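K.L.:
3D model of this:
(one chain, ligands or ions: 2)
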Amino acid sequence: MKNSDDSIMLILSSPSGAGKTTISKKIQQKFPNFKISVSHTTRKPRPNEIEGIDYFFVNEEKFKDLIKKKQFYEHAKIFDNYYGTSVESVKTLINQKYDILFDIDWQGTQQLSSYPELNLIKIFILPPDKKELKKRLIQRNQDKNDVVENRLKSFDNDITHWHDYDYVLINDNLELCFSQIEKIIHLNKQKKININ
Ligand code: ADP
Ligand code: 5GP
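P.N.:
Numbering: from 1, shown residues only. Ligands and ions are numbered 1, 2, ... in the order given. Purely as a prediction, here's the structure:
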């Protein structure tokens, strides 16, 4: 993979419901040079989700065909659905000199980490506690009860992967958490300027 010397590639991972979609949107608003890497998924769209903006929604047959054709940098099965990062989308963003935001899980993070030419900054976001996580999953009100329970169940395993990340942040107060991410972005931009 060709890396842009100027681009920052930020991975945000968290147990489902901790707030990474919310934070990703805030990053894009504050830093217009950041574009989210739009993943492919076999999950059904939520009511507010838009094709090509939130995900490329495909069926399992199409997804498996894309795997066979080596169209993904990484892919994983999560909560009974497939998710993957397409080579083409990432390359397009790199060529356009955008900074890239990856909203992917720990499995995808491990796979992307095997490309040493990518200067990844890996951030793991935690909720203040499990009770608050459940509240957020329910409040989001976009998944059925069994889906919420499934996501809560995977919390204990998800958090064991924190050590694969450069930073671990707690999203209790959203503004505070976001200000920490801003600092991380500025710090790493500065590092790049000093290196280049
Ligand atoms: P994820 O993408 O990690 O699954 P979301 O960004 O969809 O999580 O957030 C889950 C829910 O929690 C959303 O309803 C969101 O508005 C809410 N939320 C996010 N951050 C906070 C926070 N710091 N305090 C309270 N609610 C939050
Ligand atoms: P959701 O169904 O809530 O949108 O996402 C479920 C989980 O899939 C989240 O942890 C999210 O970060 C992860 N995810 C989304 N896209 C990708 C992807 O392309 N690859 C991987 N590995 N995980 C992804």
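K.L.:
ok, the residue of the chain found nearest ligand 2 - contacts?
P.N.:
Among all residues of the chain, G108 sits closest to ligand 2, at 2.5 Å; criterion: C-beta to the nearest ligand atom. (Each C-beta comes from the backbone N, C-alpha and C, glycine too.) Contact analysis of G108 by C-beta atoms under 8 Å, 6 or more residues apart in numbering lists I11, S13, E74, H75, A76, Y83, G84, T85, F102.
K.L.:
residues in contact with the residue nearest to V148 when sequence neighbours are not counted?
P.N.:
Excluding the flanking residues, the one nearest V148 by C-beta to C-beta, 6 or more residues apart in numbering is L137, at 4.6 Å. By C-beta under 8 Å, 6+ apart, the contact list for L137 reads S16, G17, D143, V148, R151, L152.
K.L.:
tell me how many other residues crowd the last one.
P.N.:
Counted with other C-beta atoms under 10 Å, residues neighbouring L152 total 17.
K.L.:
helix, strand or coil for it?
P.N.:
Secondary structure, DSSP: H, G, I helix; E, B strand; the rest coil: L152 is helix.
K.L.:
how about the nearest residue to it, chain neighbours excluded?
P.N.:
With C-beta to C-beta, 6+ apart as the criterion, L152 has its nearest non-adjacent residue at 5.8 Å, and that residue is K134.
K.L.:
wait, that neighbour sits on V148?
P.N.:
Yes. If you go by C-beta atoms under 8 Å, K134 and V148 touch, sitting 7.4 Å apart.
K.L.:
what about those two, which has more around it?
P.N.:
Comparing K134 with V148 by neighbour count (other C-beta under 10 Å), the higher total belongs to V148, at 20 against 17.
K.L.:
wait, what's in contact with that one?
P.N.:
K134, L137, I138.
K.L.:
what is the nearest of those to K69?
P.N.:
L137 (34.6 Å; C-beta to C-beta).
K.L.:
per-residue confidence averaged over the host helix or strand of the closest one?
P.N.:
L137 is part of helix 130-140, with elements assigned from DSSP states H and E. Helix 130-140 shows a mean pLDDT of 91.
K.L.:
what about that helix, near ligand 2?
P.N.:
No. Shown here: helix 130-140 not in contact with ligand 2 (C-beta under 6 Å from any ligand atom), separated by at least 9.1 Å.
K.L.:
buried residues, the lengthiest helix in the chain. List them.
P.N.:
When the chain is parsed with DSSP state H, its longest helix is helix 174-195. By 16 or more other C-beta atoms under 10 Å, the buried positions in helix 174-195 come out as C177, F178, I181, I184, I185, N188.
K.L.:
by pLDDT, give me the weakest of those.
P.N.:
N188 (89).
K.L.:
for that residue, what are its contacts?
P.N.:
By C-beta under 8 Å, 6+ apart, the neighbours of N188 are I8, I121.
K.L.:
go again using 10 Å as the cut-off
P.N.:
Neighbouring residues of N188 by C-beta atoms under 10 Å, 6 or more residues apart in numbering: I8, M9, L10, D99, N119, I121, D166.
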